[in-house]
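Participant: Make a model of this:
(chains A, B and C)
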Amino acid sequence: MDPLRIRRLRRPELPADTLTLARYLIGKILVRENPASIANRRIAGRIVETEAYVIGDPSGHAFHGLTPANRSLFLRRGHAYVYFIYGSCYCMNVSSEGPGIGAGVLLRALEPFQGVAAMKRRRGTSRLRDLARGPGRLAAALGIDRRYDGLDLCARGPLWIGITSQPAGAIGESVRIGLSREKERVLRFYERGNPFVSGPQRLRA
DNA sequence: AGTGCGATTGACT
DNA sequence: GTCAATCGCACTA
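Facilitator: Numbering: from 1, shown residues only, chains lettered A, B, ... in the order given. Prediction:
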């Protein structure tokens, strides 16, 4: 199989619980397609870092119940939840349970895979390592904003998740980054040794 | 209607 | 390593 060929994942292939999905997504490909443009039609990156926000998690955006802003977290697994934070950044989750159960997997970093020139343009930098290292940069590199909230990532469309013949490397784990609650739980996963991972490659910072 | 906070980034030392 | 910017959303009244 051509290692560059990307096949879209079908929903039944996604693990049905948040923790397993967070591990499973490492090494998969996040694809952004722009049907409006012939040039730079596709931007894609290998997912190299994720965090699980599990059922009943006090750090999860679903913790206080369903609201208009977080409703995508309650969709059946495999939908995008995009939120805006710190006045300048968008972050993207993959809903992981449901329907009706609020939980998700935060995508924290991508290794550029396709459309590097377009990513550099969107990010305003030429530093390959910084294109999608961090959840806000990831969204910026692919042009993801609230318009993509609620999108089915297992369907044809501008944003979906795929798989190649290249398997993920060894998976490292750690506590999650930047939280004030539930600091101790080991719910962050990353591809070991990958330079596109955003945070420390050890259990605790 | 007003207040406080946050799953971050980029600039700077 | 430190730190300020910035604004949508939830909460209080």
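Participant: Could you measure from residue A:12 over to residue A:154?
Facilitator: Going from residue A:12 to residue A:154 by CB to CB, to the nearest Å gives 9 Å. C-beta: built from backbone N, CA, C; applies to glycine.
Participant: Compare the two and say which is more crowded by neighbours.
Facilitator: residue A:154 (19 against 8; other CB atoms under 10 Å).
Participant: show me what contacts the more buried one?
Facilitator: Contacts for residue A:154 (CB atoms under 8 Å, 6 or more residues apart in numbering) come out as A:8, A:9, A:10, A:11, A:14, A:78, A:160, A:161.
Participant: Check the gap between the fourth one and residue A:110 for me.
Facilitator: What it means is residue A:11. On the measure of CB to CB, residue A:11 and residue A:110 end up 22 Å apart.
Participant: more crowded one of the two?
Facilitator: Between residue A:11 and residue A:110, counted using other CB under 10 Å, the more crowded position is residue A:110 (27 against 14).
Participant: Okay, and the beta partners of that one?
Facilitator: On the basis of DSSP bridges, residue A:110 is bridged to residue A:47.
Participant: was I right about it contacting residue A:135?
Facilitator: No. Look at residue A:110 against residue A:135 with CB atoms under 8 Å: they stay out of range, at 10.0 Å.
Participant: nearest spatial neighbour of residue A:66, skipping sequence neighbours?
Facilitator: residue A:74 (5.4 Å; CB to CB, 6 or more residues apart in numbering).
Participant: Surely the one you found is in contact with residue A:96?
Facilitator: No. In this structure, residue A:74 is not within contact of residue A:96 by CB under 8 Å, at 10.7 Å.
Participant: Name the residue in the two with the higher neighbour count.
Facilitator: Using other CB under 10 Å as the criterion, residue A:74 and residue A:96 rank with residue A:96 on top: 31 against 21.
Participant: Which residues of chain A lie near DNA strand C?
Facilitator: Within chain A, the positions near DNA strand C by CB under 7 Å from any atom of the strand are A:64, A:67, A:68, A:69, A:70, A:83, A:84, A:86, A:87, A:88, A:146, A:205.
Participant: what about the most centrally placed residue in chain A, distance to DNA strand C?
Facilitator: The residue lying closest to the centre of chain A (CA atoms, centre = their mean) is residue A:107, at 2.5 Å. Residue A:107 is 19 Å from DNA strand C, where distance means CB to the nearest atom of the strand, to the nearest Å.
Participant: any idea how far DNA strand B is from that residue?
Facilitator: 8 Å.
Participant: tell me the contacts of that residue?
Facilitator: A:25, A:30, A:47, A:49, A:50, A:91, A:92, A:93, A:94, A:135, A:138.
Participant: Poorly predicted segments of chain A, please.
Facilitator: Where chain A drops to pLDDT under 70, the residues are A:36-40, A:205.
Participant: mind listing the helices in chain A by residue range?
Facilitator: Secondary structure of chain A (DSSP state H): helices located at A:18-24, A:116-123, A:135-142.
Participant: neighbouring contacts of the shortest one?
Facilitator: Yep, that's helix A:18-24 we're talking about. A:14-15, A:50-55, A:77, A:94, A:96-97, A:103-105, A:171, A:187, A:189.
Participant: Filter these down to just the buried residues.
Facilitator: Buried members of these, counted by 16 or more other CB atoms under 10 Å: A:14, A:50-54, A:77, A:94, A:96-97, A:103-105, A:187, A:189.
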